[in-house]
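Asks: Would you be able to build a 3D model of this:
(one chain, ligands or ions: 1)
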Amino acid sequence: MHDYQAILNTIYQDTKNTEDKGVVASYIPELAHVNRDNFGIHLRTSAGETFGIGDFEKPFSIQSISKVLALAKAMSLIGEDIWKRVDVEPSGNPFNYLALIEVENGIPRNPFINAGAIVIADILVSNLKNPKADFLEYIRTLTNDQSINYNKEVANSEKLTGFKNYATANLLKSFNNLNNPVEEVLDFYFHQCAIEMTCSQLSKAFYFFSNKGSCLQNKVQITNQQVKRINALMLTCGFYDEAGEFAFEVGLPGKSGVGGGIVALLPEKFIITVWSPGLNKKGNSKLGMLALEEFTTKTKLSIF
Ligand SMILES: NC(=O)CC[C@H](N)C(=O)O
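Replies: Below you'll find the predicted structure:
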């Protein structure tokens, strides 16, 4: 049995004073105000025990971490039909890379690069009655927490400056892989990314990926097979052109966001969430990667 609290404390102390903490994302202007010194780690075991250190109860912008929850919701709505519109291969390119869409005739490489996530957003806009309200409700149900909300300033900030995402959506539309108007899909996508959650709320939300598809309240959200697929995608595509490095150093399925959060999990064992807003060159949390590497090294708990 591991003493998780002691392990988290050690990792926090070891990592906190790293000199190069990376750079806070500023291409979404509203995110640039976040203090780079925030640092929190939270772990939830499958048995329901929880451990935390540092800023694990402070809300932050989950950004691309939301893409995993959006994919899970879309899979529960339309199942295997998703794969007619999005592929399941790692892209080896940055999350907002445009050229591949053109080369591959409008079928994004995977659901976690922006192009793929925008197609998933389109599926949710088509299949949810009140897309923004229903998606928020989904996350509140997964976590059993009504306090979770969108940060409208972050969503609007991205709407004003998200030229590359507009280009992506327009390109997808030109290949007939977007059924709804670009504005509507991106409004949903920017809100989805602008959800604010704490490390402990994210550990709760991702619980069903470590629990064969059943959430905290033991309600089945997606099938066991769908969970296997989503975890496989997190492992191969969750960190864009750094997915290999994350598997190599950490060895867990996981997902990052430019808000500086990373969630990773070991099926039927635990979910661990780290938040440190400074990013490395690939757009993944610098200290988050270091902390998770130390965690799986110390505990020897990885899928390998
Ligand atoms: N990697 C990320 O977290 C990117 C999400 C951000 N909303 C974007 O579309 O650019």
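Asks: For stretch 291-304, list the C-alpha coordinates in PDB.
Replies: Only the C-alpha atoms of stretch 291-304 are listed here, as PDB (Å, rounded to 0.1, in the frame of the first residue of the first chain):
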ATOM      1  CA  ALA A 291       5.400  15.900 -11.100                       C
ATOM      2  CA  LEU A 292       3.700  13.000 -12.900                       C
ATOM      3  CA  GLU A 293       7.000  11.600 -14.000                       C
ATOM      4  CA  GLU A 294       8.200  11.600 -10.400                       C
ATOM      5  CA  PHE A 295       4.900  10.100  -9.300                       C
ATOM      6  CA  THR A 296       5.000   7.000 -11.600                       C
ATOM      7  CA  THR A 297       8.800   6.600 -10.900                       C
ATOM      8  CA  LYS A 298       8.300   6.600  -7.200                       C
ATOM      9  CA  THR A 299       5.200   4.400  -7.000                       C
ATOM     10  CA  LYS A 300       6.000   2.200 -10.000                       C
ATOM     11  CA  LEU A 301       2.400   2.600 -11.000                       C
ATOM     12  CA  SER A 302       2.100   3.000 -14.700                       C
ATOM     13  CA  ILE A 303       0.300   0.900 -17.400                       C
ATOM     14  CA  PHE A 304       3.700  -0.500 -18.400                       C
END
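Asks: what comes up buried for that stretch?
Replies: By neighbour count on 16 or more other Cβ atoms under 10 Å, the buried set for stretch 291-304 is A291, L292, E293, E294, F295, T296, T299, L301, S302. (C-beta placed from N, C-alpha, C; glycine too.)
Asks: Just name the closest of these to the ligand, please.
Replies: L292 (16.9 Å; Cβ to the nearest ligand atom).
Asks: residues in contact with the helix or strand hosting the closest one?
Replies: Here L292, judged by DSSP states H and E, is contained in helix 286-299. Residues from elsewhere that reach helix 286-299 (Cβ atoms under 8 Å, 6 or more residues apart in numbering): 2, 7-8, 10-12, 14-16, 18, 20-22, 39, 41, 245-246, 249-252, 254, 256, 260-262, 264, 272, 274-276, 278-280, 301-302.
Asks: what's the answer for stretch 157-172, then?
Replies: 27-31, 96, 98, 101-102, 106, 108, 114-115, 118-119, 122, 178, 182, 185-187, 189-190, 193-194.
Asks: do stretch 218-225 as well
Replies: Contacts to stretch 218-225, defined as Cβ under 8 Å, 6+ apart, come from residues A72, M75, S76, T141, L142, F208, K212, G213, S214, C215, I230.
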